[in-house]
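**Q** Give the three-dimensional model of this entry:
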Amino acid sequence: MHEPLLSPGMRHREEIHSGEVDETERIKHPLTSEDIEHVLEGLCHDSRPRSLIHGIFLYGLGGSIREKVTLLSLLSGIGAMVTFLTAYIAQPMGEAKCDSDVPYNIDPGIVVDGLAREWGLVCADSWKLELIGTLFFAGGFIGVALAGWMSDVYGRRTASLSLLGITCISMGASAMAPTWETYAALRFVMGISANGMYLTSFTLLMEWVPAGWHTCTGTGAYVLLFAFGEIWLAAMAYALRQHNWQALVSAVTVLLCAMLALLYLLMPES
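**A** The predicted model follows:
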């Protein structure tokens, strides 16, 4: 049977526990980041990826760590869908002449009935579509600060699940928004929760993998799935192109809630 994988600092703690070393020596050997790194590397087949391709596809990571990285990378893809959703449903005005007597012409775009047609956000009111997008990213300034505080107080798992739950609720509510003001307010809330969720999940990812894997998992698998999330959103928008904008929002809401349930069952604390 193989001996437990222990760094010098952790081995000393085992000696304290077994009585080989006096417990008063405990304070002299605190658990360090090197101890944690030593264990993480032991859970992987390789302490660092053999190539960029190996790193992107997580080849060489231990099974449990690979599952965690995959799970959070999928969350990155869902976050991309939340971020760019309005771009597919805004339905801005087409070749219209607002200063003439010719009725405005709304570009059909991806969906048959988008936000512009729903609430008449054209001509003098077209700025409201831009405001909706701006409010989402303005919420991100609050979201990153809130996520940091929640992670310190409640832990990253609780913070990630809570922010994902708020995103799921606000996304579902936005599909039933009666006015553009309500929709804009809900997008602001989504900006807070979704950007905060993205931050905490990325930090969790970095904690779960050895230092040698940070570049490939952070800028490889995680960011790669973010890009695929944009592609999935475009495919969903095309598949639902004959429906109104609420159908696409509802479809993204279902994915958000499914991811929330999956993370609740499988994601450990940091």
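
**Q** Once you drop chain neighbours, what's closest to Gln91?
**A** Spatial nearest neighbour of Gln91, excluding adjacent residues (CB to CB, 6 or more residues apart in numbering): Gly114 at 2.5 Å. (C-beta placed from N, C-alpha, C; glycine too.)

**Q** Let me see the contact set for that neighbour.
**A** Residues counted as contacts of Gly114 (CB atoms under 8 Å, 6 or more residues apart in numbering) are Ile89, Ala90, Gln91, Ile106, Asn244, Trp245.

**Q** And it, how far from Ser160?
**A** Distance of Gly114 to Ser160, given as CB to CB, to the nearest Å: 31 Å.

**Q** go on, Phe188?
**A** For Phe188, the distance to Ser160 (CB to CB) stands at 20 Å.

**Q** Counting neighbours around each, name which of those two comes out higher.
**A** The neighbour comparison of Phe188 against Ser160 (other CB atoms under 10 Å) goes to Ser160, with 27 against 19.

**Q** Can you classify the residue lying closest to the more buried one once chain neighbours are set aside by secondary structure?
**A** With CB to CB, 6+ apart as the criterion, Ser160 has its nearest non-adjacent residue at 4.6 Å, and that residue is Thr200. Following DSSP: H, G, I helix; E, B strand; the rest coil, Thr200 is assigned to helix.

**Q** residue ranges of the helices in the stretch 51-200 of the chain, please?
**A** Applying DSSP state H, counting those that start in this stretch to the stretch 51-200 of the chain gives helices spanning 52-56, 63-89, 115-119, 127-154, 156-174, 180-208.

**Q** other SSEs contacting the last one?
**A** Using 3 or more CB pairs under 8 Å, 6 or more residues apart in numbering; DSSP states H and E, the elements in contact with helix 180-208 are helix 63-89, helix 115-119, helix 127-154, helix 156-174.

**Q** before we move on, the earlier item: could I get the contacts of Gly114 in a markdown table, plus columns for distance to Gly155 and neighbour count?
**A** Supplementary listing: the contacts of Gly114 in a markdown table, determined by distance: CB to CB, whole Å; neighbours: other CB atoms under 10 Å:
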| residue | distance to Gly155 | neighbour count |
| --- | --- | --- |
| Ile89 | 35 | 24 |
| Ala90 | 37 | 21 |
| Gln91 | 41 | 23 |
| Ile106 | 47 | 18 |
| Asn244 | 40 | 17 |
| Trp245 | 36 | 28 |
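
**Q** hang on, the earlier thing: Leu224: which of the helices of the stretch 51-200 of the chain is closest?
**A** Of all those, it is helix 52-56 that lies closest to Leu224, at 6.2 Å by CB to CB.

**Q** average pLDDT for that closest one?
**A** Across helix 52-56, the average pLDDT comes to 51.

**Q** how much space between the residue nearest to Gln91 and Val69?
**A** From Gly114 to Val69 the distance is 36 Å (CB to CB).

**Q** same deal with Ala145?
**A** 26 Å.

**Q** What are the buried residues along the host helix or strand of Gly229?
**A** Secondary structure assignment for Gly229, by DSSP states H and E: helix 223-239. For helix 223-239, the buried set under the neighbour-count rule, 16 or more other CB atoms under 10 Å, comprises Val223, Leu224, Leu225, Phe226, Gly229, Trp232, Leu233, Met236, Ala237.

**Q** And it, what does it pack against?
**A** helix 63-89, helix 245-266.

**Q** Comparing those, which comes out most buried?
**A** helix 63-89 (a mean of 21; mean count of other CB atoms under 10 Å).

**Q** Compute the inter-axis angle for that helix and helix 245-266.
**A** Compare the direction of helix 63-89 with that of helix 245-266 by axes from the mean of the first three to the mean of the last three CA atoms, to 10 degrees and you get 170 degrees.
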